[in-house]
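Chemist: Below is the structure, and that's it, no one-letter string:
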C-alpha cells in the first residue's frame, strides 16, 4: 500500500513558461520565451524514488525538438537507482542527439549516484551550474549561437515532483 501511495502522490504536469506551477523569476520567463521551444527546462523536486522513473521517461519522450536540456535537480534530496537510470537514459539520449545538457544543483548523494553511472563524464564541466537562471542563460546563448533557425512556437518547462 505504501508504494501505491507514493506513486499516486507523484505529480507531473507540462506547463507553459508563465504558469505559476514552476516558480520562475522574470528573467527565467524571458529566457524561455526567447528560446522559443529550443530549450527544455526539466524541473524535479522531492525524493526521486523508483516510482518516478517511468514518469521521467514519459515526460522526456514528450518533447524531442529541443536543442538544449536544463535539468534542475536543486530540490531533489534523494535520487533512487531506477530514477537515476531514467535520468541517465534521458541525458545519454540528449547527448547522442547532439543536444547540450545543463545540470543544475547536483550535489551530495545525487552527484555520487550520477557519477557512478557515468553521467557526469558525458557532460562538460562548464555545464554543471548551481543556479537555474545561469543555466538558462547558457542554454539560450548556446541555441542562439548553434541553432538560430531551429525555432518552435511552444515553450514547455516540465515539473516533476516526487
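Modeler: Received, thanks. In this text the structure is predicted, and so the values were computed from the model without any measurement.

Chemist: Return the residues in contact with the closest residue in space to residue 74 that isn't next to it in sequence.
Modeler: Among residues not flanking residue 74 along the chain, residue 105 sits closest, at 3.0 Å (CB to CB, 6 or more residues apart in numbering). Quick note: C-beta positions are derived from backbone N, CA and C, even for glycine. Shown in contact with residue 105 (CB atoms under 8 Å, 6 or more residues apart in numbering): 72, 73, 74, 75, 76, 130, 132.

Chemist: Strands along this structure, start to end?
Modeler: Under the criterion DSSP state E, the chain carries strands at the ranges 11-14, 39-45, 68-75, 100-104, 128-129, 158-161.

Chemist: now, of those, which is deepest in the fold?
Modeler: Comparing the strands of the chain by mean neighbour count (mean count of other CB atoms under 10 Å), strand 39-45 ranks first with a mean of 25.

Chemist: May I ask you to confirm that residue 76 is in contact with residue 84?
Modeler: No: judged on CB atoms under 8 Å, residue 76 makes no contact with residue 84 at a distance of 10.5 Å.

Chemist: More neighbours: which of the two?
Modeler: residue 76 (25 against 19; other CB atoms under 10 Å).

Chemist: And residue 142, how far from residue 29?
Modeler: Going from residue 142 to residue 29 by CB to CB, to the nearest Å gives 19 Å.

Chemist: right, I mislabeled it, should have said residue 90
Modeler: 24 Å.

Chemist: who has more neighbours, those two?
Modeler: A direct count of neighbours by other CB under 10 Å for residue 90 and residue 29 places residue 90 higher, at 21 against 17.

Chemist: Return the per-residue confidence for the more buried one.
Modeler: The model reports residue 90 with a pLDDT of 84.

Chemist: again, but for residue 6
Modeler: Looking at residue 6, its pLDDT reads 33.

Chemist: begin at 49 from here
Modeler: OK, 49 is where the count begins now, so the last one is residue 54.

Chemist: Spit out the residues that contact residue 124 and residue 132 alike.
Modeler: Common neighbours of residue 124 and residue 132, counting by CB under 8 Å, 6+ apart, are residue 96.
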